[in-house]
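> Sharing a model that was predicted from the sequence below.
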Amino acid sequence: MMKPYIQLTDLHQAATDAFCDLANQCIASNGLFRVSLSGGSTPKRLYEMIAQRDLDWTRIHWFWGDERNVPSDSPDSNFKMVREAILDKRKVPQANIHNVPVNVDDPASAALAYERTLREHFSDQPMPAWDLVLLGMGDDAHTASLFPRTKAIDESSRWFVENWVEKFDAFRYTLTAPAINSGKEIWFLVAGDSKKTALANVFSENQRPNEYPSQLIRPTRWFVTQDACPDSLVR
Ligand SMILES: O=C1O[C@H](COP(=O)(O)O)[C@@H](O)[C@H](O)[C@H]1O
């Protein structure tokens with residue numbers, strides 16, 4: 001069951017507070033906070049609000065859970081959104097910014113290169129144990145760039161892959177479900193009435209991850225607005 005937020009601004013405020021609390025806790029106990037970011041429209045304001053907080057920016061490492069194969073200054077670039085919202089605004093060391101190589105002719109090699117980056121960073125671990133994975137959900141129940149009926153849904157050994165998405169006639173890059181599920185905290189941010197049916201399907205007892213890829217994920221927390229929340233899930 002869920003306790004939805006009445007307004008999107010409440011969701012953003014709660015997620016900002018939770019993000020900063022977790023970052024401070026992780027930095028205090030391990031000296032590091034490693035976060036995988038989502039793209040899309042929902043988290044933009046969250047990122048802007050995080051940038052206004054006083055955090056130890058030298059201790060936070062930024063990764064991307066999915067990306068589009070476009071130039072990094074394209075309006076569609078997930079990296080661009082985070083750069084403009086946070087990275088350009090605070091003194092973030094370049095070495096802490098782990099963006100996906102993009103706009104290449106060979107997405108398979110680019111995905112492998114990013115997987116190598118992740119494996120180097122999480123060197124002694126069987127999976128990337130993020131402190132936090134932030135996720136959104138599309139109205140087709142995709143998350144990261146795990147879209148319905150695409151190949152990456154079945155990937156079980158790789159951490160990060162290229163994924164052909166027929167409806168865009170394009171490759172996307174995405175973390176795989178096992179890599180997402182290795183996060184210590186996994187938070188979904190879902191807002192807007194266009195998500196209501198998808199959310200109901202994801203929570204249905206009928207497990208069809210090929211149709212509703214968000215069913216593959218084991219989130220630790222949901223941030224959902226009231227208009228996105230089916231009545232059956234409200235506490
Ligand atoms: O394509 C994408 O969409 C999802 C959901 O985005 P939203 O605009 O509905 O918030 C997002 O989580 C993903 O990272 C993004 O690339």
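Done, it's in. Computed from a predicted model, the values in this text were never measured in an experiment.
> count of neighbours near residue 77?
Residue 77 is flanked by 23 other residues according to other C-beta atoms under 10 Å. The way it works is simple: take the backbone N, C-alpha and C, and place the C-beta from them, glycine included.
> my read: it touches residue 64, true?
No. The pair residue 77 / residue 64 is not scored as a contact, 9.7 Å apart, by C-beta atoms under 8 Å.
> What parts of the protein come near the ligand?
38-42, 66, 78, 135-138, 144-145 (C-beta under 6 Å from any ligand atom).
> From those, which land in strands?
66, 135, 136 (DSSP state E).
> residues in contact with the second one?
So the one you mean is residue 135. Shown in contact with residue 135 (C-beta atoms under 8 Å, 6 or more residues apart in numbering): 38, 65, 143, 144, 180, 186, 187, 188, 189, 214, 217, 219.
> could you pull out the strands for the protein?
33-37, 60-64, 66-68, 97-98, 132-136, 160-165, 170-175, 186-190, 221-224.
> possible to save these as TSV with mean pLDDT?
Output for the strands of the chain, formatted as TSV (pLDDT from 0 to 100):
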stretch	mean pLDDT
strand 33-37	98
strand 60-64	98
strand 66-68	97
strand 97-98	98
strand 132-136	98
strand 160-165	98
strand 170-175	97
strand 186-190	98
strand 221-224	97
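> now these as a markdown table including distance to residue 23?
Below are the strands of the chain laid out as a markdown table (distance: least, C-beta to C-beta, whole Å):
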| stretch | distance to residue 23 |
| --- | --- |
| strand 33-37 | 4 |
| strand 60-64 | 6 |
| strand 66-68 | 21 |
| strand 97-98 | 16 |
| strand 132-136 | 8 |
| strand 160-165 | 23 |
| strand 170-175 | 20 |
| strand 186-190 | 13 |
| strand 221-224 | 15 |
